[in-house]
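Asks: coords please:
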Amino acid sequence: MHIAIAGNIGSGKTTLAGLLSKHYGWEAHYEDVETNPYLNNFYEDMQRWSFNLQVYFLNSRFRQIVEIRESGKTVIQDRTIYEDAYIFAPNLHDMGLMSGRDFDNYSSLFELMSSFIQPPDLLIYLKASVPTLVSQIQKRGREYENTIRLDYLKKLNERYTEWIHGYKEGKLLVIDVDNNKFSEKPTHLGEVIQKIDAEIHGLFE
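Replies: Below you'll find the model as predicted:
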């Protein structure tokens, strides 16, 4: 079974993936942040490095999905390939940070890759307001994230709302991170687990 967590920068995807991996004994596949060779450069000069970064993420997540399906294990994945294609890349293009030529090339590559993969059995979306995202980004203290602009987070949030509203690929669970502090309160994590149990039970029916 393939469970994936979607959400904006700072919404708590990695934290929740770790907590659920521990609770259920699932294998966790995290986003490649620490060893990503483009991330620091991207935040310093988005226009120059946007295409390189997005292709790197596309390649990385495609490999993850192939590995997940081949492993036969239940895996929880931190961020999906769809977010790159439907949220981050088009947002960079709209903000003038990725050229039309690069965006078309990227979109063509995603279209080809997506024809070889299946969507997750359950998608968990972490919905969070911009103030919550900013607070959580500041708490984790990644230096390269200090330059993230508020308008960038806001535009991403708008795209997430639109994408989730039209999501028809499979089962979907939305967690409101403004009101559910699963990382700090065990009772809140318990509520998330209860909802996941209900969704998973449906997958096996």
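Asks: show me where pLDDT drops low in the protein?
Replies: Applying pLDDT under 70 to the chain flags residues 33, 141, 143-147, 202-205.
Asks: Check it and tell me which residue is nearest its centre.
Replies: The chain has R79 as the residue nearest its centroid, 2.6 Å off, counting by Cα atoms, centre = their mean.
Asks: Surely that one touches A6?
Replies: Yes. Using Cβ atoms under 8 Å, R79 is in contact with A6, at 6.5 Å. All C-beta atoms are positioned from the backbone trio N, CA, C, and that covers glycine.
Asks: and for those two, which residues touch both?
Replies: With contacts taken as Cβ atoms under 8 Å, 6 or more residues apart in numbering, R79 and A6 have K13 as neighbours in common.
Asks: Tell me where the chain has helices.
Replies: For the chain, helices defined by DSSP state H occupy the ranges 13-24, 39-44, 46-71, 81-83, 89-94, 100-114, 130-140, 150-165, 186-203.
Asks: Out of these, indicate the one that is most buried.
Replies: helix 81-83 (a mean of 22; mean count of other Cβ atoms under 10 Å).
Asks: what separates it from the chain centre, distance-wise?
Replies: Relative to its parent chain, helix 81-83 has a centroid offset of 7 Å by Cα atoms, centre = their mean, to the nearest Å.
Asks: Counting by contacts, list what it packs against.
Replies: helix 46-71, helix 100-114, helix 150-165 (3 or more Cβ pairs under 8 Å, 6 or more residues apart in numbering; DSSP states H and E).
Asks: Could I get those in TSV, plus columns for distance to L123?
Replies: As requested, the helices and strands packed on helix 81-83 are exported to TSV (distance: least, Cβ to Cβ, whole Å):
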stretch	distance to L123
helix 46-71	13
helix 100-114	15
helix 150-165	9
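Asks: and of those, who's closest to S135?
Replies: Closest to S135 of the helices and strands packed on helix 81-83 is helix 150-165 (Cβ to Cβ; 11.6 Å).
Asks: Just the residues contacting that closest one, thanks.
Replies: The set of residues external to helix 150-165 that reach it, using Cβ under 8 Å, 6+ apart, is 6-10, 82-83, 86-88, 90-91, 94-95, 125, 127-130, 133-134, 172, 174.
Asks: One more: stretch 62-81?
Replies: Outside of stretch 62-81, the residues within contact range by Cβ under 8 Å, 6+ apart are 1-7, 13-14, 17, 20-21, 24, 26-31, 58, 61, 110, 113-114, 117-118, 120, 123.
Asks: if you set the cut-off to 7 Å instead, what comes out?
Replies: Applying Cβ atoms under 7 Å, 6 or more residues apart in numbering, the external contacts of stretch 62-81 come out as 1-6, 13-14, 17, 20-21, 26-31, 58, 61, 113, 117, 120.
Asks: do stretch 183-197 as well
Replies: Contact partners of stretch 183-197, identified using Cβ under 7 Å, 6+ apart, comprise 12, 15, 19, 23, 173, 175, 180-182.
Asks: List the residues that contact K22.
Replies: Not one residue lies near K22 by Cβ under 7 Å, 6+ apart.
Asks: Could you measure from it over to R142?
Replies: K22 sits 23 Å away from R142 when distances are taken as Cβ to Cβ, to the nearest Å.
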